[in-house]
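Peer 1: Please work out how this folds:
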Amino acid sequence: MQNKRVSIRKRPNESIAIFDVNTGQTLGYLANISMGGLMLIGSVSTAPGTLFQLQMPLSAPIDGANSIEFGVESLWCLRAKDTCSYWTGLQIIDISDSASDTIAALISGWQ
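Peer 2: As a prediction, the model looks like this:
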């Protein structure tokens, strides 16, 4: 299977909850992220094509930012084996230059 990603995925060094800006609810927890997308593990199943405005809080400010906001589209969602959780793949479709820079700075320090 060919990997179509243009950016390398990075796993977070900490547990990071991802919030739906419109509802305030936790959509899931960050499994990995790249400059073009992210994967979440959570209790919510989302249909492909669903759009979200997400917020990712930062444990420590980066260049004055305490969180990152961006728009995403759900590409796929699979039930995690033997659990009540779902893996969800999301493509970043709307992000400011400063938020993109903050993601780059955040993941540059992760293994």
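Peer 1: got the CA positions of stretch 83-102 in CSV?
Peer 2: Taking C-alpha atoms only, stretch 83-102 is exported to CSV below (Å, rounded to 0.1, in the frame of the first residue of the first chain):
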residue,chain,number,x,y,z
THR,A,83,-13.3,-1.5,22.4
CYS,A,84,-16.0,1.2,22.3
SER,A,85,-13.5,3.6,20.7
TYR,A,86,-13.0,4.8,17.1
TRP,A,87,-10.0,5.8,15.1
THR,A,88,-10.7,8.8,13.0
GLY,A,89,-8.5,10.2,10.2
LEU,A,90,-8.9,14.0,9.6
GLN,A,91,-7.5,16.2,6.9
ILE,A,92,-6.7,19.8,7.8
ILE,A,93,-8.6,22.0,5.3
ASP,A,94,-8.5,25.4,6.9
ILE,A,95,-5.7,26.7,9.1
SER,A,96,-4.1,30.1,9.6
ASP,A,97,-0.4,30.6,8.8
SER,A,98,0.3,31.3,12.5
ALA,A,99,-1.6,28.1,13.6
SER,A,100,0.4,26.1,11.0
ASP,A,101,3.6,27.5,12.4
THR,A,102,2.6,26.6,15.9
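Peer 1: So for that stretch, what gets flagged as buried?
Peer 2: Neighbour counts over stretch 83-102 (16 or more other C-beta atoms under 10 Å) mark 85-90, 92, 95, 99, 102 as buried. Yep, even glycine has a C-beta here, placed from its N, CA and C like the rest.
Peer 1: Could you list the low-confidence segments of the protein?
Peer 2: Low-confidence segments of the chain (pLDDT under 70): 1-6, 111.
Peer 1: Among the buried residues of stretch 83-102, name the ones in helices.
Peer 2: Members of those lying in helices (criterion: DSSP state H): 99, 102.
Peer 1: Please identify which of the buried residues of stretch 83-102 is nearest to residue 45.
Peer 2: Nearest to residue 45 among those: residue 86, at 4.9 Å, using C-beta to C-beta.
Peer 1: Surely the closest one is in contact with residue 47?
Peer 2: No: Residue 86 lies out of contact with residue 47 (C-beta atoms under 8 Å); the separation is 11.2 Å.
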